[in-house]
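1. sequence and predicted structure, then a few things I'm wondering about:
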Amino acid sequence: MIGVLPNEVPVLPPTRRPHRASLPSLIVTSILSAMLVFAIGAVSSPGEVLGATISKTAICSANLRTSTSTSARVRKLVTTGTRVSVAASVTGGSWRTTCAGKAVSGRSWYRISAIGGKSVKSLFGVSYLYAAAGLFKTTTITRYAGCRANLRTSAASSAPSRTIIALNMKVLVTTSVAGSSYSTTCSGKNVSGNRWYRISSVNGKTVKSLYGVSYLYSASLLFTPSPTTVTASTPSPTAGSTVAPENVPTPTPKPSATPTATPTPTPAPTAAPTHPSCTARTSSPRHPSSGRARGVRWQSSSGPPTGCRSRSDRTRS
């Protein structure tokens, strides 16, 4: 049996050098870690789906809470018909309730920035309160074009115009959004700003049915709450011009009565004149016993002229 020599030192197995990860592996690991962090953050924090303040009206009584959970503190109970300004729609805890006689449920919550025209900050000292989205409906307001206005695909003067509406055309506005600045003239007045109306209906027809998109946008200062009264102006005559008189209608003369014809009297018959020859006769001696003239003898041998009758002719007739 061979023993261990006094000066013998036991030999240890060689140590393995630690493996150093390659650069590509580190990059892939970093990307996966970032994606995981983003996913966790997306689940744990609400995600915004609206980009502008929208007016909503409570369909029934609704609790306004400090966060998107039914267990969060209630800061305000709004009644039916209360208008609120919604800054965003976010996803939060599940809720279930009855509103206006209907069972509603979901996980969508409204992030509310104002109540009845007053900011949440001024009322409760916080920027936002939250309420279940199913307890509200979109509020639209009616506006009328104060002049010709372009309806564009987005809230920018450079966006394509889908149509131009005329004076007093009625539109339904769902909200007012901030967009690019504009400066123009409307009804003789210079207007400028950066607020745009999001329009859902034009003259009683939905934008979707007319143009195939849900909304169109137009500069808010081009619209008025009521139709504009158009007054017809009389042009002033220029120097040296003569104003033509207005055509005055000539009255129609009244018809006069038809005069009755006066009958012409029938002239009395005039006795035929005695022919001068009828007197041209010679007296005849009278009969000695009776004293009568024996007859008339005409001077003409041919007898009495035409139209003259002798005494004997007259006696016979």
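-> Received, thanks. Numbers count the residues shown, from 1 in each chain.
2. give the contact list for residue 204.
-> For residue 204, the contacting residues are residue 170, by C-beta atoms under 8 Å, 6 or more residues apart in numbering. C-beta here means a position set from N, CA and C on the backbone, and glycine is covered the same way.
3. give me that answer again for 10 Å
-> 170, 171, 172 (C-beta atoms under 10 Å, 6 or more residues apart in numbering).
4. separation between it and residue 214?
-> Counting by C-beta to C-beta, to the nearest Å, the gap from residue 204 to residue 214 is 17 Å.
5. restricted to strands, list the contacts of residue 204.
-> 170, 171, 172 (DSSP state E).
6. of these, which is the nearest to residue 103?
-> Using C-beta to C-beta, residue 172 is the member of these that sits closest to residue 103, with 29.3 Å.
7. what sits against the closest one?
-> If a contact means C-beta under 10 Å, 6+ apart, then residue 172 has 140-143, 197-204, 206-207 as its contacts.
8. who's residue 141 bridged to?
-> Listed by DSSP bridges, the beta-bridge partners for residue 141 are residue 173.
9. wait, it touches residue 171, no?
-> Yes. Applying C-beta atoms under 10 Å, one finds residue 141 in contact with residue 171, separated by 9.4 Å.
10. what touches both of these two?
-> In contact with both residue 141 and residue 171: 197, 223, using C-beta under 10 Å, 6+ apart.
11. circling back: mind putting the contacts of residue 204 into JSON lines with pLDDT and distance to residue 266?
-> Formatted as JSON lines, the contacts of residue 204 follow (pLDDT from 0 to 100; distance: C-beta to C-beta, whole Å):
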{"residue": "170", "pLDDT": "96", "distance to residue 266": "87"}
{"residue": "171", "pLDDT": "96", "distance to residue 266": "92"}
{"residue": "172", "pLDDT": "94", "distance to residue 266": "94"}
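12. thinking again about what came up before, which one's more surrounded, residue 141 and residue 171?
-> Neighbours of residue 141 and residue 171, each counted by other C-beta atoms under 10 Å, are more numerous for residue 171; the result is 24 against 14.
13. measure the nearest residue to that one once chain neighbours are set aside to residue 217 for me?
-> Leaving aside its chain neighbours, residue 171 sits nearest to residue 199 (4.8 Å; criterion: C-beta to C-beta, 6 or more residues apart in numbering). Separation of residue 199 from residue 217 (C-beta to C-beta): 7 Å.
14. between those two, what contacts are shared?
-> 151, 152.
15. and these two? Which one has more around it.
-> residue 199 (23 against 20).
16. so the more buried one sits against residue 173, correct?
-> Yes. A contact is recorded between residue 199 and residue 173 when judged using C-beta under 10 Å, the distance being 5.9 Å.
17. coming back round to it: give the buried subset of the contacts of residue 172 as a ChimeraX selection command.
-> Buried members of these can be picked out in ChimeraX with the line below, counting by 16 or more other C-beta atoms under 10 Å:
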select :140,143,197,198,199,200,201,202,207
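18. in strands, which of the contacts of residue 172 fall?
-> Judged by DSSP E, those include 141, 142, 143, 197, 198, 199, 200, 201, 202, 206 as members of strands.
19. need those in a markdown table (columns: distance to residue 264).
-> Formatted as a markdown table, the ones in strands among the contacts of residue 172 follow (distance: C-beta to C-beta, whole Å):
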| residue | distance to residue 264 |
| --- | --- |
| 141 | 90 |
| 142 | 85 |
| 143 | 86 |
| 197 | 92 |
| 198 | 96 |
| 199 | 90 |
| 200 | 92 |
| 201 | 87 |
| 202 | 84 |
| 206 | 88 |
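20. among those residues, which one has the lowest pLDDT?
-> Minimum pLDDT across those is recorded for residue 141, with 88.
21. on that earlier part again, for the residue nearest to residue 171, give me its contacts.
-> Remark: with contacts taken as C-beta under 10 Å, 6+ apart, residue 199 is in contact with 140, 143, 149, 151-152, 165, 171-175, 207, 215-218, 223.
22. and residue 24, what pLDDT?
-> Per-residue pLDDT puts residue 24 at 62.
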